[in-house]
Structures are given as C-alpha cells and as structure tokens.
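Enquirer: quick one: sequence plus predicted model below, questions after.
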Number of protein chains: 2
Amino acid sequence: MARIDEVAAAAGVSISTVSYALSGKRPISPDTRRRVVDAAHRLGYAPNAGARMLAGRVTHIFALTEPLRRETHAPTHMSFVLAAAVAARRHDYDILLLTDQQASEGMHRVTASGLVDAILVLDVAPDDERVAIARAITTPTVFIGIPDDHEGIDCVDLDFEAAARLAVDRVADAGHRRIALIGQPESTYRLSNFPPRVRRAVADRADERGLAHTFATTGEVVTEADAVRTAVGDALDAGASALLLHGVDDMHAAVLDAVTERGIRVGSDISIVSIAASFDTTKLPIQLDTIPLIPEASCDLAVDLALARIDDPHRPTGIHLLAPVYRDAGSVTAPPSV
Amino acid sequence: MARIDEVAAAAGVSISTVSYALSGKRPISPDTRRRVVDAAHRLGYAPNAGARMLAGRVTHIFALTEPLRRETHAPTHMSFVLAAAVAARRHDYDILLLTDQQASEGMHRVTASGLVDAILVLDVAPDDERVAIARAITTPTVFIGIPDDHEGIDCVDLDFEAAARLAVDRVADAGHRRIALIGQPESTYRLSNFPPRVRRAVADRADERGLAHTFATTGEVVTEADAVRTAVGDALDAGASALLLHGVDDMHAAVLDAVTERGIRVGSDISIVSIAASFDTTKLPIQLDTIPLIPEASCDLAVDLALARIDDPHRPTGIHLLAPVYRDAGSVTAPPSV
DNA sequence: TTGAAAGCGGTACCAG
DNA sequence: CTGGTACCGCTTTCAA
C-alpha cells in the first residue's frame, strides 16, 4: 500500500510527475520516467483505487450482470464470464459481479454510486428486463446477445444469418442437393430470437442455391433423444446427404448416436455442419465442421464497445455482428455418388 | 449520481448529519433522521464509491478468486459463486472476480490498490498456490475448502469426517451389518485432501459399530461407468445391504443404473446414502438420502469470517468446519430380512 | 444533538 | 519538461 508521495520521494520528483510518468498522459524525459517506474516497482506501488475513482472519473471496473439461472448451460456461461474477465483485464479493467436477484437493484446501485464505468450484460433473453434498466441509467451498457427490443442499446452477437448462409454454401459447394436442418426444441422457436432467424436464413439460402431442404425440431421444451432420432431418420429417408445442426451439446451427441447406429459414416456417407455452437464441439465423439459462437470474440468486442462509449457517450448505439468463421474438421465431403 | 451535499441541502441539515443519519454511527434525532432518509431516497442518493473508499477505509468489495479451469464442475462452481454473491450482498458487499490467470497477479493488485476489503478463495486445491499469496499479503483471505498446508490461514468447509460418521451411524442404526463405500477415481485419493479422510472415517466408524465394510474406487482418473458397475457388483456379491456414495453426479447416476439393472430396489432391497455431494441430488432418477455439501452454508460462513477478520485483523486464524446435515429421502430402510 | 473542517490519495489544471 | 495545488465526495474528528 505504498502511496504516490512515497514514490515521488524515492524518485526525487514531484507527485504530479509520478502521476504523469505512470499514466503517460504528458511527455516525461526518459530519465525521470525510468527513475519513477523503478521506484514505483521497488515499492510495489499501485494507485489507490478509491483515490483514483474520486479524482479521475474512472473506476476501471465493469459490472457483469449474469442471471445464473438453472436453465443456463453452466459450462458455456463460464466461458463467457472468463472471456469477459480476460478481455477486461487487457484494458486494465476488473469485473464486478451482479447476479440475477440484483439485476435491477444492482444496475441502479452501481450507477448511483459510480462504482463502475460500464455494464456488460450476459445471457440475454429475448424479452430481457435489463433492456429497460439500461435505458433508464446513464452508465454505458453493452448486451452480449440481442434482445427483441434493442432500440437505442448496444449489442454484440454472432451474425447468425451469415453463419447459416455460410453453412449452406459450404455443403452446396461440396455438391449436396438435399439438406436438412436439425434444430432446437419447439418452444425455443417461440421464446428465443435467433433460432427462427437461423431457420429462415438456411431456408432462403438453400432456395437460392437450388437445394431441397427440410427442417425438424428436436423435442418440445428440452432436447429429447427420441425426437432427435426421429428427425435424423426422417432427414435421411427424405434423401438428405448433409445435415446442418443448430442446438445444444446433447442434441449434437444424439445426432451422432443416431447416425452411427445406422452404420452411416460422417464425412463420407453423410456431411454435417454445426452452426453457432457455443460449447466445445471437439469433445464430441466425432469431429464436426463448425461455425462456432466464440465467447472470446463476443466479449472482446463488447469490451471495445464499452470503452468506446465511455470515451464518447454520444456515439450512436447499435447492433454489432461478428462475422462467422468456418472451422473445418473434415465432416463435409462430396455426397456419395449414387 | 446525487451527492451528499445535495441531500444535506434538501433535508436542511449539514453534510456530516447526512453521513451520520445514513450510517447510524452516531445518535440522530428521529425527526432529522427521517428528513435525511426521505431526501436521500427522493434524490436516489448512494454514496460515491470512490469517495467512500478513500475517506472511510472500507471498499465494500470482496475479491473472489476462482480458477475457472476445465476440470471444474461448472454447475457446482456456479452455485458457489452465486452463494458467495448472495452472502456478500447481505452485508452490503459486492464481488469482484479474479480469474485464474490473475490469481497471483490479481491478489497482489487488489491488495496494493486497496480495491477490496477481503478475498474469498474458491475451488481450493490441496496444494493451492494461493495459500502462499494469502500469507504474503495483508488483505484478509478466506479459503472455501481446505488446502493441505493451512497453517495460519482461514478456511471453511464441511466437516467431512463427521459427515462420514453420520452416514455410517444412520445405516448401522437401521440395522445394516455389511456396508460398502463407493468412492472416487483412484487418482483423487492421491491428489485430493478429503476423499481419503472420508474413506478412513467411514472405515473407523464402521469398525466401531461392528460393521463389515468394503471400499472401491470408480475409475483411474475420471469416473468410469464400467468401474462403477464392477464396484457395485462386488459390493452386492460381498453381501452389502447398504451403499455409501462419495463422488460426482456421474458416479451416482452410474450406481443407480447398475442397481436398477439388477432389479434391486433402492429403499427396500438396498439402502443408499450420498456423502458430501455438491451437486443437486434431486435431479437423480431416484431420490437418495444425502449429507450434502451446501454452497450457501460454506459461503455464508466464509463471509462472516472475512468480516470478522476485517474487524479484527489479529484474531486467530483457523479451520472452521460446518456440521453435516442429514437429508432424509427414504433411501435408507432396514435391510431385507434374509 | 448538530455543524465545521481536516484529511483520505490521487488527477489534472495552471504556472514556470 | 517539471512542480505546486485545487479539487473529487465522503468519513470522522473536534467543537459547540
């Protein structure tokens, strides 16, 4: 807990010089600069957080609201939290946790007390209550995920439509003429924002490319292995030679099970692409081509957006989409010549 | 972002009166007190975090170090984070996240900058590197979990030995004479601190109670379904009428599978108790008697300890064990009369 | 029971 | 290129 005046004394300069030498906010001669840095290092100096928050108007803290609800996929969620923390630290920011029960109370509180410079919103729901709060407070807020009503707020997410098109193009280019999209449970298409968009984007692109296409959901509310089996069976019976997957890890596993059971080999008898998977697909028993939803990418961009808005509170808000990336794992090949 | 002077003006009192009226640190007439509270509420006043940290010497922030590594059981981990956040909020504290890569750097940084009042350590390993750091810094640090070398540090955890004894007593009281402990994978008994203790406590208590007992591990490094099946089979062949389980969710599920396959009914043909499960056992296909490891209990106690140490930095450190609680779900009954 | 004012440890402006 | 110093907003003595 060394203080700035101790560093100043040790370096034989004034405290303002120490401040400037360390922040780099005004030119300092290389010599003094070194003396200051040395002294600071030697004393283990770090500016007092409270003093910095008071004097500067910057806290160097982001709040992270995360619902932590039961239905949240824990591993995925953890990756996002970790990615957010890493991205924040790269800019000398720390992460303050706001859990669900405090979503509203917490966002208001950190704003009123000036505890944080910006708020990052995780695990965004289509009708997320935090949208209203974000509009009501002055603290810059960035959503990682896109709610239905996103007027006037900053959002970051994967470009799902582009991802869907990329997947269709890939199998079309490989020569497939009949494809099937294996999707999420029924209810998801009513409750969530993106599954319907992916579905439509796939259908539209398939039409453009002249591909025959089918679509199937995989359960009612949660993924059901039986429903997946049926969906895969129907797709194959309809003559599909390529499957596009959009869903959780369980669904992927069930698809691979169903395919394997039939003695069909992925990457030769059938081609598969996973769209927007947010889990670690390399843990699946068979490696799949993937257009992943990458937590690091989303969080990096979110942090950049937050910093930009802190810098200029009046810059226009908007949705920022991440370009999809295709990860080839050999699960797409030319269709078997019939 | 109303300030204290605005509240003072609105209430017609001095700044210091506002401070005292809100903190309750000195007697204020009921009348002025109400006026102040009203004004503060009306203006949405919250003390500026930076100013409070500077002037008082209290940040109202706890750091939470969490490794977030791959082998961590994500759902369990999330429960602990949530429990810590809730416990902290009850005392007007927020949680600042320190992820793995920053474990050392972060703990030093928050200490040097006075960003937090105390540090909570999650997901403690037997040879945890954070022990050394905790000793080197002045910030009060509480471990949720007990490392091998815990000299001079504060730790909180379930009393595993007591839990083991409780489990043995329960089945012994129910009339069982031969029991089996189904444990963790081999490597865990070398790498981790508590599995061996549970094993020994079960064995000792069983001896005291005159019970025949066996023990089996369930894999090499990770839980293997086959190993579980074998372990269960051996136990039954040896005539065990009660099983004690100490392991992860997968192991529990595998045990229930193995038992069910044999047409044996839990709670009548065989009795089962789960010891120190940190996951949600109610999600298992069959409800089991449990002596759970409760995140809320651990975190509440950890926060209390942290506050106590902030209050008195010189109080003696030590291990604080939580008394085990038996949750009856009907899976223990008298052994079938042969 | 209340008020005035001295810091807390930085930042950044104003000088030089 | 460097130094002096007026705040930042609150807590907490010291006085009344």
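Expert: Looks like it arrived, so ask away.
Enquirer: kindly export the worst-scoring helix or strand of chain A on mean pLDDT (C-alpha atoms) in PDB.
Expert: Within chain A, no helix or strand scores below helix A:188-191, which has a mean of 76 by mean pLDDT, DSSP states H and E. Provided in PDB are the C-alpha atoms of helix A:188-191 (Å, rounded to 0.1, in the frame of the first residue of the first chain):
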ATOM      1  CA  THR A 188     -37.200 -22.300 -28.400                       C
ATOM      2  CA  TYR A 189     -38.600 -21.100 -31.700                       C
ATOM      3  CA  ARG A 190     -41.200 -19.100 -29.800                       C
ATOM      4  CA  LEU A 191     -39.200 -17.900 -26.900                       C
END
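Enquirer: show me what counts as buried in that helix.
Expert: A:T188 (16 or more other CB atoms under 10 Å in any protein chain shown). All C-beta spots, glycine's among them, are computed from the backbone N, C-alpha and C.
Enquirer: for it, what is the distance to the chain centroid?
Expert: With CA atoms, centre = their mean, to the nearest Å as the basis, helix A:188-191 stands 20 Å off its chain's centre.
Enquirer: just for the stretch 201-338 of chain A, where's the confidence low?
Expert: Within the stretch 201-338 of chain A, the segments meeting pLDDT under 70 span A:338.
Enquirer: ok, the residue in the stretch 101-250 of chain A positioned nearest to chain B - contacts?
Expert: The stretch 101-250 of chain A approaches chain B most closely through A:A112 (3.7 Å), counting by CB to the nearest CB. Contacts for A:A112 (CB atoms under 8 Å, 6 or more residues apart in numbering or on different chains) come out as B:1-2, B:44-46.
Enquirer: what packs against the least confident helix or strand of chain A?
Expert: helix A:194-208 (3 or more CB pairs under 8 Å, 6 or more residues apart in numbering or on different chains; DSSP states H and E).
Enquirer: after the helix it packs on, which helix or strand is next?
Expert: Sequence-wise, the next helix or strand downstream of helix A:194-208 (DSSP states H and E) is strand A:212-216.
Enquirer: now the following helix or strand past that following strand: buried residues?
Expert: Sequence-wise, the next helix or strand downstream of strand A:212-216 (DSSP H and E) is helix A:225-237. Under the neighbour-count criterion of 16+ other CB under 10 Å, helix A:225-237 has A:225, A:227-229, A:231-232, A:235-236 buried.
Enquirer: and those, which two are the farthest apart?
Expert: Longest distance between any two of those is 16.5 Å, between A:A225 and A:L236; criterion CB to CB.
Enquirer: for stretch A:239-259, buried residues please.
Expert: A:240-256, A:258-259.
Enquirer: for the stretch 1-150 of chain A, which segments count as strands?
Expert: A:61-66, A:94-99, A:118-121, A:141-144 (DSSP state E, counting those that start in this stretch).
Enquirer: got the contact list for A:S14?
Expert: So A:S14 contacts A:A8 (CB under 8 Å, 6+ apart).
Enquirer: for chain B, see how far away it is.
Expert: 21 Å (CB to the nearest CB, to the nearest Å).
Enquirer: now do A:A85
Expert: In terms of CB to the nearest CB, A:A85 sits 5 Å off from chain B.
Enquirer: picking up where we left off before, distance to B:R130 added to the buried residues of helix A:225-237, as CSV?
Expert: Putting these into CSV (distance: CB to CB, whole Å) gives the following:
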residue, distance to B:R130
A:A225, 42
A:A227, 46
A:V228, 43
A:R229, 47
A:A231, 47
A:V232, 47
A:A235, 51
A:L236, 53
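Enquirer: which member of the residues you listed is positioned nearest B:I310?
Expert: A:A225 (51.3 Å).
Enquirer: enumerate the residues of chain A near DNA strand C.
Expert: By the rule CB under 7 Å from any atom of the strand, the part of chain A lying against DNA strand C is A:2-5, A:15-16, A:19-20, A:22-23, A:25, A:45, A:47-48, A:50-52, A:54-56.
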